[in-house]
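[1] please work out how this folds:
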Amino acid sequence: MNRPNVICHMTVSRDGIATGPFLGTEGGERASRVYYEIHRRFRAGAYACGRVTMEESFTGGFLPDLSPFRGIRIPREDYIADRDTQFYCVAFDRRGRLGWKGPRIVDEDPGYGDAHIIEILTEQVSDAFLAYLRSIGVSYLFAGEDDIDVPYALEKLWMWFGIERLLLEGGPDLNTSFLRSGMIDTLSLVIAPLEAGETGKPLFDGNLADHFSLTETRRLEGDILWQQYRSLAVRKADLDQLAAQLEMAEEDVAIYYHIRSGAFEYLSESSSMDLTPEQAEEIRTSPDYVRLQGFGDPEERGIMEAFAETTGSGVCSAMLLGALRSGGTEAFRQELGSLSLYRAYYDFRYSRLKELAAKWCRDHGIPFEEEDRD
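    Numbers count the residues shown, from 1 in each chain. The predicted model follows:
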């Protein structure tokens, strides 16, 4: 499953409280300013919050008039109002309660303003609310019948909008849903220099923070700390996806696999591949990225030779091997066509690519989905 890389970015007190009156104190407001600066620095393609946070930060509790839309029937299908925008606000709004006034966030902060709104809904939403969202140009995705399936929602965000990095900035309920689903890759905490006591809610519902390993701590102005944690969960790799990447590999492009999200990044010496030099260097040096290696011309020739030996015909085998040895891989492919063996060869080749992908996973300690065997 491809999905965005998820960074849970939050401001907390020293005793782990994420919401409450402490945010309105002088120390809390200083920490919040640092938090917003780091939010912008992440340059994520989207940020996500739950209904309560969205109401407090953006809609102000506005309730739209749905009466003009009563009686309209809307199918429970995803609605994409704008897929060309490069910046999105993702609202997890299970039953459809948020009162948006337009398709984009209105906010002076460039880290939030002008983001196209995507509602994540369940099938319990009303037809009138769906019709209202369509009328104002807000996109929406269905991710469950009664409750939101977080992995499914993330998969759709990748598929429909190409979102590669998402900042999770919700309350304890939404953050906990992501964590219990194994969908948080990095934890980014801006820690205010004060104790909140029992006046707010914690970062997660329950003692779940031991799912992470501390990777970096920075002391900032005003005794504010910024700590980053890496998820201890490594997802199982999909051999079909890895085999497909091997199949499309090009000599001048290095493919990197993110072991926590399953995403792929592509680096080339001749092209930026839409990444800044800093982003490319982060990928090359991060322990969360592993370069996908082990397939080139020697491996291609080895697969061709192995296929030739399994054709069941001495004549076909001799013709294929002769073409390979005299004219190389291109001559081999031409001989496949003359023998009507294209389909058989590429089925064989794909199975061998999956074997190479499995070996690569074992070599790098990456778990993968085992195929069922009778």
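
[2] buried stuff in the one helix or strand Leu336 maps to?
    Assessed by DSSP states H and E, Leu336 sits inside helix 314-338. By 16 or more other CB atoms under 10 Å, the buried positions in helix 314-338 come out as 317, 319-321, 323-324, 332, 335-336. Using the backbone N, CA and C atoms, a C-beta is placed for each residue, glycine as well.

[3] for it, name the packing helices and strands.
    Helix 314-338 is packed against helix 297-308, with contacts defined by 3 or more CB pairs under 8 Å, 6 or more residues apart in numbering; DSSP states H and E.

[4] would you check how far apart the nearest residue to Arg3 once chain neighbours are set aside and Phe178 are?
    Spatial nearest neighbour of Arg3, chain neighbours left out: Leu154 (3.9 Å); criterion: CB to CB, 6 or more residues apart in numbering. Between Leu154 and Phe178 the distance is 9 Å, computed by CB to CB, to the nearest Å.

[5] what touches both of these two?
    By CB atoms under 8 Å, 6 or more residues apart in numbering, Leu154 and Phe178 have these common neighbours: Val6.

[6] the two - which one has more neighbours?
    The neighbour comparison of Leu154 against Phe178 (other CB atoms under 10 Å) goes to Leu154, with 26 against 23.

[7] send the alpha carbons of the strand or helix carrying that one over as CSV?
    Per DSSP H and E: Leu154 is located in helix 150-161. Extracted in CSV, the C-alpha atoms of helix 150-161 (Å, rounded to 0.1, in the frame of the first residue of the first chain):
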residue,chain,number,x,y,z
VAL,A,150,-7.1,5.5,8.7
PRO,A,151,-4.9,3.3,6.4
TYR,A,152,-7.6,3.3,3.7
ALA,A,153,-7.9,7.1,4.0
LEU,A,154,-4.2,7.6,3.6
GLU,A,155,-4.1,5.2,0.6
LYS,A,156,-6.8,7.3,-1.1
LEU,A,157,-5.0,10.6,-0.3
TRP,A,158,-1.9,9.1,-2.1
MET,A,159,-3.9,7.7,-5.0
TRP,A,160,-6.2,10.6,-5.8
PHE,A,161,-4.0,13.6,-4.8
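
[8] pLDDT on it, on average?
    Over the span of helix 150-161, the pLDDT mean works out to 95.

[9] give me the domain ranges for the protein.
    5-231, 250-291, 297-363 (automatic domain parsing).

[10] residues touching Arg301, list them.
    Shown in contact with Arg301 (CB under 8 Å, 6+ apart): 324, 329.

[11] picking up where we left off before, check the offset of the helix holding Leu154 from the chain's centre.
    How far helix 150-161 lies from its chain's middle: 8 Å, per CA atoms, centre = their mean, to the nearest Å.

[12] contact partners of it?
    Contacts of helix 150-161 (CB under 8 Å, 6+ apart): 1-4, 6, 45-46, 78, 80, 83, 88, 90, 92, 118, 120, 141, 143-144, 163-164, 166, 177-178, 181-183.

[13] ok so Ala91 is a strand residue?
    Yes. Per DSSP: H, G, I helix; E, B strand; the rest coil, Ala91 lies within a strand segment.

[14] out of the domains of the chain, deepest packed?
    Ranked by mean neighbour count, the domains of the chain are led by domain 5-231 with a mean of 18 (mean count of other CB atoms under 10 Å).

[15] shaky segments in the protein?
    Applying pLDDT under 70 to the chain flags residues 1, 206-210, 269-274, 294-296, 370-374.

[16] any idea how far the residue of it most remote from its centre is from Gly322?
    In the chain, the greatest distance from the average C-alpha position (CA atoms, centre = their mean) is reached by Val315, at 49.7 Å. Distance, Val315 to Gly322, using CB to CB: 11 Å.

[17] am I right that Ile117 is in a strand?
    Yes. Ile117: assigned to a strand according to three-state DSSP.

[18] quick one, what contacts it?
    88-89, 91, 100, 103-105, 138-139.

[19] with Ser213 instead?
    With CB under 8 Å, 6+ apart, Ser213 has these contacts: 229-230, 232.

[20] in which helix or strand would I find it?
    Per DSSP H and E: strand 212-220 holds Ser213.

[21] cool, and Ile283?
    Assigned by DSSP H and E, Ile283 falls in helix 277-285.

[22] show me what the helix or strand following that helix pairs with in its sheet, parallel or antiparallel.
    Sequence-wise, the next helix or strand downstream of helix 277-285 (DSSP H and E) is strand 289-291. For strand 289-291, the paired strands and their directions (DSSP bridges) read strand 253-258 (antiparallel).

[23] and the angle from the helix or strand that comes right after the strand it pairs with to helix 277-285?
    As assigned by DSSP H and E, the chain's next helix or strand after strand 253-258 is strand 264-268. For strand 264-268 against helix 277-285, the angle by axes from the mean of the first three to the mean of the last three CA atoms, to 10 degrees is 110 degrees.

[24] for strand 264-268, packing partners?
    strand 253-258, helix 277-285.

[25] 6 Å instead, please
    Strand 264-268 sits against strand 253-258, with contacts defined as 3 or more CB pairs under 6 Å, 6 or more residues apart in numbering; DSSP states H and E.

[26] identify all contacting residues around the strand it packs on.
    Strand 253-258 has contacts (CB atoms under 6 Å, 6 or more residues apart in numbering) with 245, 264-268, 283, 288-292.

[27] same question, stretch 223-240
    So stretch 223-240 is in contact with 31, 34, 182, 184-185, 187-191, 193, 211-220, 259-260, 262, 354, 357-358, 361, 366-369, going by CB under 6 Å, 6+ apart.

[28] just the terminal-to-terminal distance for that stretch.
    End-to-end span of stretch 223-240 (CA to CA, to the nearest Å): 48 Å.

[29] now stretch 76-96
    13 Å.

[30] please name the residues that touch Arg218.
    Neighbours of Arg218 in contact, by CB under 6 Å, 6+ apart: Trp226.

[31] much appreciated, bye for now.
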